[in-house]
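*Asks:* What shape does this take:
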Amino acid sequence: MLPGFQSTALPDDAIEVGRVLDAWGIKGWLKLLPHSSEPESLLAAPAWFLQAPEARFRPGFSAFKGVVTVQVEECKLHSDSVVAKLEGLVDRNAAEALKGARIYLPRSAFPSTQPDEYYWVDLIGLHVVNREGLALGQVRDLVATGPTSVLVLAYEVPAEDGSTPRSAERMIPFVSAYVDAVDLPARRITVDWQPDY
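*Replies:* Residues are numbered from 1 along each chain as shown. All right, here's what the predicted structure looks like:
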């Protein structure tokens, strides 16, 4: 195991926020693939939890086993990517050994949001209803489409012959013109939308 890395377990509220793409430069820096277009939590965290990549993605990974905690010396935006320097990484070879590692943070470590701002991870799984109370589906994903995000809802369409319903999806722009309210404690989003849109 690399110096400064400590074996641990993932916290109960751990969320995967990115992956190590590759080494960056020759002094132990890492190039990262954040899972968000706005990686503030990744940039601000003083420590990360790293999990070894799945064997199918990186056979022979041997930098560590299971999960480790690491201290972040520096993490910053650079050009169109995110780069970071961890304690204990002093050269390119050590950084390359971490290629594919998954980066986790506890949800409790995320910076606070402003009113009417939400982390995508908090919206996944919420039930969506329209103003009339008609269930439109459950948030399965969000997609960034330029200046706005789009909710991707999963729902079931009853089969005409009474057999097993089929799964379908609908998309609703996540903008105030269509989203009336987000109630995180109730796990519900209310929208101005009809099922036949």
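*Asks:* neighbours of G162, just the number please.
*Replies:* 7 (other Cβ atoms under 10 Å). For every residue, glycine as well, the C-beta is placed using N, CA and C.
*Asks:* One more: T145?
*Replies:* Residues lying near T145 (other Cβ under 10 Å) number 11.
*Asks:* mind listing what it touches?
*Replies:* Going by Cβ atoms under 8 Å, 6 or more residues apart in numbering, T145 touches no other residue.
*Asks:* where does the residue of the chain most remote from its centre fall, helix, sheet strand or coil?
*Replies:* Most distant from the centre of the chain: D161, at 39.3 Å, with distances by Cα atoms, centre = their mean. What DSSP: H, G, I helix; E, B strand; the rest coil gives for D161 is coil.
*Asks:* what pLDDT does it get?
*Replies:* Reported pLDDT at D161 in the predicted model: 81.
*Asks:* My guess is D13 contacts F110. True?
*Replies:* No: judged on Cβ atoms under 8 Å, D13 makes no contact with F110 at a distance of 9.7 Å.
*Asks:* okay, those two: which has more neighbours?
*Replies:* Between D13 and F110, F110 has the larger neighbour count (other Cβ under 10 Å), namely 19 against 12.
*Asks:* what's the closest non-adjacent residue to the more buried one?
*Replies:* In space, and not counting its chain neighbours, F110 is closest to S41: 4.5 Å by Cβ to Cβ, 6 or more residues apart in numbering.
*Asks:* Report the separation between the one you found and V121.
*Replies:* Distance, S41 to V121, by Cβ to Cβ, to the nearest Å: 10 Å.
*Asks:* cool, H127 as well?
*Replies:* Distance check for H127 against V121: by Cβ to Cβ, it reads 16 Å.
*Asks:* can you check P195 too?
*Replies:* 26 Å.
*Asks:* Between those two, which has more neighbouring residues?
*Replies:* Shown here are P195 and V121; by other Cβ under 10 Å, V121 has more neighbours (16 against 11).
*Asks:* just checking, that one is part of a helix?
*Replies:* Yes: V121: assigned to a helix according to three-state DSSP.
*Asks:* contacting residues for V68?
*Replies:* Here V68 is in contact with M1, F5, Q6, S7, T8, F49, L50 (criterion: Cβ under 8 Å, 6+ apart).
*Asks:* among the residues you listed, which are in helices?
*Replies:* Taking DSSP state H, every one of those sits outside helices.
*Asks:* Low-confidence stretches in this protein?
*Replies:* 1 (pLDDT under 70).
*Asks:* Serialize the contacts of V68 to a markdown table and add fields for distance to Q114.
*Replies:* Listed next are those as a markdown table, based on distance: Cβ to Cβ, whole Å:
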| residue | distance to Q114 |
| --- | --- |
| M1 | 40 |
| F5 | 35 |
| Q6 | 34 |
| S7 | 37 |
| T8 | 32 |
| F49 | 26 |
| L50 | 30 |
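*Asks:* Mind checking which of those are buried?
*Replies:* F5, F49, L50 (16 or more other Cβ atoms under 10 Å).
*Asks:* Having no further points to raise, I will conclude here.
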